Structures are given as C-alpha cells and as structure tokens.
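Colleague: sequence and predicted structure are below.
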Amino acid sequence: MAAESAYDYVVVGAGSAGCVLANRLSEDENATVLLIEAGPEDTNPNIHIPLMLGSLNGSEVDWKYKTVPQKHACLAMNEQRCIWNKGKVLGGSSAINFMNYMRGHREDFDSWARLGAEGWSYDEVLPYFMKSENNTNQEYLKAPYHSKGGPWTVSDVLPRTKYGEMLVEAGKEIGYPITDFNNSDNRNTFNYNQGTIKDGKRASTAVAFLTPDVRQRKNLTIWTETAATKIIFERTTAKSLKIVKNGTEGEIFVRKELILSAGTVVSPQLLMLSGIGPKAHLEEMGIPVLCDLPVGENLQDHLLTILRFNASGGGLSMDWTSTNCCESDGFVTTTDDAPWPEIQFYYNPFFYFWGPNEKENCNISDEFKETFQHKSKEEMEKKEGMIIFPGLLHPKSVGKLWLKSTDPMEPPLMDPRYLEDPYDMKTMLKGVRIAQKLAATKAFKDMGVTLDYYKFDNCPHEIDSDAYWEHVIRHVSMTIWHICGTCKMGAKDDPTAVVDPSLRVRGLDNVRVIDGSVMPHETSGNTGAPIVMIAEKGADMIKQGK
C-alpha cells in the first residue's frame with residue numbers, strides 16, 4: 001500500500017468511464033486523483049490486437065458474469081443463463097469489446113432530458129462526444145458533428161470482407177441509404193462501421209486517455225488489482241473507501257469526492273453494500289440503511305439472436321489483425337412512427353460465433369449440440385459462413401440487480417427479464433423478417449449466401465413460421481454487452497432515480513456515479529461512445545463544482 005492514504009478524488013473502476021475521469025480530473029495540477037481497478041494492467045497482448053478480441057472472453061480480464069435463469073430467453077444455454085462478459089482490466093470493457101463507435105440517435109438523449117435529466121439533450125451532449133474524438137475519416141470531418149484532435153482515435157474498420165460489402169449493398173437494394181451512423185439520425189440506414197482503432201491496434205480508453213505522459217503526472221495515482229469493498233460514511237458524507245489491494249485490506253480517505261465508475265454491475269453492488277439501496281432488500285441482507293434508493297432497478301440490455309448463413313469465399317483472412325470482424329451494420333425501424341431505430345443488424349464473417357469456442361463462450365447446453373452443429377475443432381474451423389445478429393435496441397422488458405450476499409467478492413444476482421414484454425418478441429420477429437429480405441437480394445444471391453435454418457428436436461412448429469422463429473429467438477438469444485440503467489439518472493425529486501442530472505447520488509454529499517449505470521434507458525447502438533461522453537461531461541461538472 002502506498003504511503004499516501006488521502007486523495008481529493010477517488011475513482012473506482014478504470015473502465016470506459018474511469019480512465020477518462022482520471023485523465024480529465026488530473027489536468028488540474030492542484031487536485032490529487034486516485035484511480036483503482038480490480039483487474040490487472042492491460043499487458044495481455046491480445047487486448048491490443050482487434051482480431052483477437054474473441055480470445056478475451058472467459059479469460060483473466062473478464063468478470064465472467066452470468067444472469068439468473070431466464071424464463072423467456074437464453075433457453076438453449078446451460079441453466080438458461082446468459083453469459084455477460086465485462087472487462088476486468090485497465091480499460092474495462094473498452095479493452096475487450098468490439099470497438100464499434102456508435103453514438104446513438106438524437107432522440108435517445110432528448111428523451112433522457114424530457115425524463116428529468118436536465119442538461120443531457122442531444123445538443124447539450126454533442127460537444128462531449130466531439131471533445132474526445134479524433135476521427136481519421138476526412139469525408140466525415142467535413143460534417144459539423146465530427147472532430148479531430150481528441151485523445152480517442154475513431155477510424156474506418158479495415159480491411160473489409162466481401163460479406164461486409166454485400167450486407168451494405170443488400171441494404172441499399174431494399175431501400176436503405178448509406179449514411180453516417182453518427183449523424184444524429186441513424187434510422188433506416190446501412191453503412192460501414194467506424195471503430196476505436198488506431199494504427200491497426202485497439203484504442204481502449206486506457207490506451208487513449210492514460211498515455212505515458214498522463215501516467216507520469218505527479219498528482220495521478222493508479223492502482224490495479226485493487227477492489228473496493230465498502231464506502232465509509234460520516235452521516236451523508238463519504239469519508240473513506242475500504243479496499244483490498246493484492247490481497248491486503250486497506251482504507252483510502254476522500255478529501256473531496258468519491259466517484260463510482262465501476263460499471264452497471266459493480267457500481268450498484270458497492271452502493272448497496274454501503275447502505276444505499278432499496279430499504280427492504282438491505283434490511284433483508286442485514287445492512288444498515290443510509291439512503292433508501294432504487295439502486296439495481298431499471299436494468300436494461302440489448303438482446304440479440306443469431307442468424308447463420310452458408311457462404312464461401314467472402315470471409316476474412318486471419319492476417320487481417322486490424323479488423324474487429326464487424327465492419328458493417330444496419331439500423332432499421334419496424335413501425336412508421338418510431339422516433340429512433342428499433343433493430344440494429346450486427347455482422348460477423350464466421351458461421352460460428354467465436355469460432356470453435358462458440359459453445360463455451362455462449363454457455364450453450366450439450367442438449368443443443370446438434371442444433372448448433374457443434375463438431376470437432378477442425379471441422380468447425382473449416383466451416384465457412386457469416387452471421388447477422390438482429391438486436392433489440394429499445395426493450396420494454398426491464399430487469400433488476402440485487403445482492404446475493406454481503407461478500408463484496410461475490411457477484412450480485414442479475415435478472416434482465418429478457419423478452420418478458422410481448423413488444424420485444426414482436427419487434428425481434430420483425431427484425432428477422434427484414435434480415436430475410438436482405439438474404440433475398442441480388443447482392444446475397446450473387447455471393448451464393450443462403451440462410452441456414454436451425455433444426456430443433458423440441459420445436460413442433462413449421463420452419464419459417466412465426467412460431468418457429470419465436471422458438472429460435474427464445475433459444476438462440478444472448479447479450480450484446482450493453483447493460484445499463486442500474487443507477488438511473490433523473491430529476492432530483494424523481495423517486496425512480498438514483499443520481500441527479502449532476503450524477504450525484506441523491507441524499508449524499510460527495511458521491512457520484514459516472515458510468516453506463518446512470519443511463520435512464522438504452523441508446524440506439526453500441527454504448528461505448530455514450531459512456532465516454534458521460535465521463536467527459538461528468539468530469540466537467542466536477543471541475544465546475546456543479
């Protein structure tokens with residue numbers, strides 16, 4: 001344990017948000033900043049090779065969470081539990097994710113503002129997206145909503161496979177134009193992705209914001225292998241933080257503010273362990289209640305299903321180490337009056353998601369080995385194909401997270417309640433049907449790409465009927481790792497909110513939550529860029545005393 005035991009700002013979690021905060025808060029030479037991370041330094045070489053992202057799931061840099069058994073989804077998974085991969089390493093999930101740079105739709109943020117998150121409308125958050133951005137696409141830089149010179153490099157995902165080009169052409173063929181996904185209205189468009197990749201390597205927030213010169217700042221201290229276990233309060237002021245560093249217990253004192261940036265799972269867990277959460281649950285766990293707040297409620301996630309296609313000759317070369325295997329996407333509405341896109345089409349140039357490791361990485365039960373065509377490693381490696389993942393962007397099914405025990409090292413229980421609301425299944429079905437329209441295009445036919453239908457022993461329905469696809473979606477369903485909402489932001493008098501629009505925990509003096517858990521609801525796309533935006537805006541509010 002370092003000699004210094006008190007800091008002006010203590011940031012818990014060096015993930016997508018925490019690395020940004022450590023950089024921005026330590027710009028003030030008069031402020032001392034401690035950043036702690038439960039995982040190790042980002043020295044695993046595969047972190048920095050985009051193509052190798054699949055090797056990180058289930059590794060030492062992954063929290064390896066699982067949901068509780070699901071009633072309406074994940075039915076082909078062991079115990080009907082979906083795996084949630086989250087980064088446990090410097091850089092957090094930005095060190096293990098797909099690197100896609102998606103801001104979302106204007107309405108996402110305008111809706112946040114209408115719900116009580118004053119100051120978070122699209123026009124108000126756009127400068128914070130641009131503050132961190134260093135976009136290398138010269139054509140995009142002509143637009144007023146992109147920028148260069150920020151610490152976080154955003155580049156076109158290259159090289160491109162023939163399948164990725166085919167998907168964009170197919171979208172155009174059935175009426176979807178090619179437009180910049182980040183132009184504030186990403187409804188009904190297909191295009192090539194941009195990713196947080198610099199010079200062919202992953203640009204995690206640790207790489208981008210904790211550069212060697214930043215890490216040399218005398219007022220910034222970074223501890224890895226350090227887990228927060230409890231916040232110690234004097235009335236409603238956080239005075240210190242209990243930690244375990246490399247197996248040794250310690251205590252860090254807070255001079256100004258404690259900032260939780262540990263993510264949608266750990267931030268609410270730490271609050272509840274410290275007496276901030278639903279009164280009845282805390283009393284049930286024997287934890288003295290300091291603030292009765294709906295911590296852990298409002299859990300939301302983007303759910304997807306996997307559509308596999310037989311194909312050959314259009315995939316990637318394993319020499320293309322700079323690709324994230326997801327170079328094109330599409331966003332569509334399924335209703336005429338939708339204010340934002342409802343389905344995102346993700347793409348992957350493999351028949352098996354995660355290749356020969358699909359069974360383990362997706363937690364697929366042996367019962368469905370034939371359904372998923374799981375064979376020997378050699379056979380699976382030879383099988384060519386591609387995947388389209390229709391993903392639900394704005395689920396109406398809302399879950400919760402709660403403590404399993406008072407042991408801070410034991411993960412909480414997580415129930416997203418996937419597909420509980422009938423709207424979600426109806427929208428997913430529409431997404432599958434649009435994917436079939438893509439598969440019927442000349443672009444797909446010219447490449448000889450055909451949809452591969454799952455064969456279930458337990459499915460009595462006719463193949464391609466709505467009932468069949470509902471069976472597929474309920475069984476072949478998984479997260480796309482965009483979990484959010486468990487420390488919801490809202491108006492100061494909103495009983496459903498945990499933090500106010502300044503990201504301060506309601507009822508406390510000097511604790512903020514700044515990460516994806518504060519999102520009132522999901523954004524229309526991957527959540528990495530919005531979380532960095534939240535951190536940029538949060539850092540400014542702290543420095544301005546808001």
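Modeller: Arrived safely, thanks for sending.

Colleague: ok, which stretches of the stretch 301-450 of the chain are strands?
Modeller: Under the criterion DSSP state E, counting those that start in this stretch, the stretch 301-450 of the chain contains strands at 303-305, 307-310, 328-332, 343-348, 385-392, 400-402, 413-415, 450-452.

Colleague: deepest in the core, which of the ones you listed is it.
Modeller: Among the strands of the stretch 301-450 of the chain, the stretch with the highest mean neighbour count (mean count of other CB atoms under 10 Å) is strand 328-332, at a mean of 26. C-betas here are computed from N, CA, C, even on glycine.

Colleague: got the contact list for that one?
Modeller: 100, 102, 160, 164-165, 167-168, 171, 176, 181, 186-193, 341-347, 393, 431, 434, 524-525 (CB atoms under 8 Å, 6 or more residues apart in numbering).

Colleague: gap between the spatially closest residue to Leu51 that is not a sequence neighbour and Met52?
Modeller: Once its chain neighbours are removed from consideration, Leu51 has its nearest residue in Thr321; the separation is 4.7 Å (CB to CB, 6 or more residues apart in numbering). The gap separating Thr321 from Met52 is 8 Å, by CB to CB, to the nearest Å.

Colleague: in the chain, which helix is the longest?
Modeller: Counting residues, the longest helix found in the chain (DSSP state H) is helix 422-439.

Colleague: what angle sits between it and strand 385-392?
Modeller: For helix 422-439 and strand 385-392, the angle between their directions (axes from the mean of the first three to the mean of the last three CA atoms, to 10 degrees) works out to 150 degrees.

Colleague: and helix 422-439, which residues are buried?
Modeller: Burial within helix 422-439, assessed by neighbour count using 16 or more other CB atoms under 10 Å, is assigned to 424-425, 427-432, 434-435, 438-439.

Colleague: what's the answer for stretch 454-462, then?
Modeller: Of the residues in stretch 454-462, those buried under the neighbour-count criterion (16+ other CB under 10 Å) are 454, 456, 459.

Colleague: does the first one count as helix, strand or coil?
Modeller: By that I understand Tyr454. Using DSSP: H, G, I helix; E, B strand; the rest coil as the criterion, the local structure at Tyr454 reads coil.

Colleague: could you list every residue that touches it?
Modeller: Residues touching Tyr454, when contacts are defined by CB under 8 Å, 6+ apart, comprise 371-372, 472, 475-476.

Colleague: swap in 10 Å and give it another go.
Modeller: Applying CB atoms under 10 Å, 6 or more residues apart in numbering, we find Tyr454 in contact with 76, 306-308, 368, 370-373, 463, 468-469, 471-472, 475-476.

Colleague: looking at it now. What's its pLDDT?
Modeller: We note a pLDDT of 96 for Tyr454 in this prediction.

Colleague: do the last one as well
Modeller: Cys459 carries a pLDDT score of 93 in this model.

Colleague: surely it is in contact with Ile473?
Modeller: No: here Cys459 does not reach Ile473: they are 11.8 Å apart, not a contact under CB atoms under 10 Å.

Colleague: next, count neighbours for Thr189.
Modeller: Look at Thr189: counted by other CB atoms under 10 Å, it has 21 neighbours.

Colleague: excluding chain neighbours, what is closest to it?
Modeller: According to CB to CB, 6+ apart, the nearest residue to Thr189 is Thr179 (4.5 Å).

Colleague: separation between that neighbour and Pro341?
Modeller: Relative to Pro341, Thr179 is positioned 12 Å away (CB to CB).

Colleague: which one's more surrounded, those two?
Modeller: Pro341 (26 against 15).

Colleague: for the more buried one, what are its contacts?
Modeller: For Pro341, counting by CB under 10 Å, 6+ apart, the contacting residues are 104-105, 107-108, 181, 185-189, 330-334, 393-394, 524-525.

Colleague: please name the bridge partners of the nearest residue to it once chain neighbours are set aside.
Modeller: Residue nearest to Pro341 in three dimensions, not counting chain neighbours: Phe331, with 3.8 Å by CB to CB, 6+ apart. In this structure, Phe331 bridges to Thr189, Gln344 when assessed by DSSP bridges.

Colleague: and Leu260, by the same measure?
Modeller: According to DSSP bridges, the partner residues bridging Leu260 are Val12, Val513.

Colleague: that one touches Cys487, doesn't it?
Modeller: Yes: using CB under 10 Å, Leu260 and Cys487 qualify as a contacting pair, with a distance of 7.8 Å.

Colleague: need the residues touching each of those two.
Modeller: Contact criterion CB under 10 Å, 6+ apart; residues shared by Leu260 and Cys487: 267-268, 271, 499, 503, 505, 512-515, 517-518.

Colleague: inside strands: which ones of the residues you listed?
Modeller: Counting by DSSP state E, the part of those found in strands is 512-513.

Colleague: and of the shared contacts of Leu260 and Cys487, the nearest to Ser147?
Modeller: Minimum separation from Ser147 among these (CB to CB) is found for Ile514, which lies at 21.8 Å.

Colleague: roughly how far out does stretch 116-131 sit from the chain middle?
Modeller: Distance, stretch centre to chain centre, for stretch 116-131: 19 Å (CA atoms, centre = their mean, to the nearest Å).

Colleague: oh sorry, the question was meant for stretch 298-317
Modeller: Between the mean C-alpha point of stretch 298-317 and the mean C-alpha point of its chain there is a distance of 16 Å (CA atoms, centre = their mean).

Colleague: what mean pLDDT does it get?
Modeller: Across stretch 298-317, the per-residue pLDDT values average to 90.

Colleague: next one: stretch 94-107
Modeller: The average pLDDT within stretch 94-107 is 97.

Colleague: ditto for stretch 184-195
Modeller: Averaging pLDDT residue by residue across stretch 184-195 gives 94.

Colleague: ok, now which ones touch Arg114?
Modeller: Under the criterion of CB under 10 Å, 6+ apart, the neighbours of Arg114 are 107, 120-121, 520.

Colleague: now rank the residues you listed by neighbours and give me the top one.
Modeller: Neighbour tally across the contacts of Arg114 (other CB under 10 Å): the maximum, 26 neighbours, falls on Trp120.

Colleague: quick one: residues contacting that one.
Modeller: Residues in contact with Trp120 (CB under 10 Å, 6+ apart) are 108-114, 128, 489, 501, 503, 518-520, 533-534, 537.

Colleague: among these, which are in helices?
Modeller: With DSSP H as the criterion, helices contain 108-114, 128, 533-534, 537 from among the contacts of Trp120.
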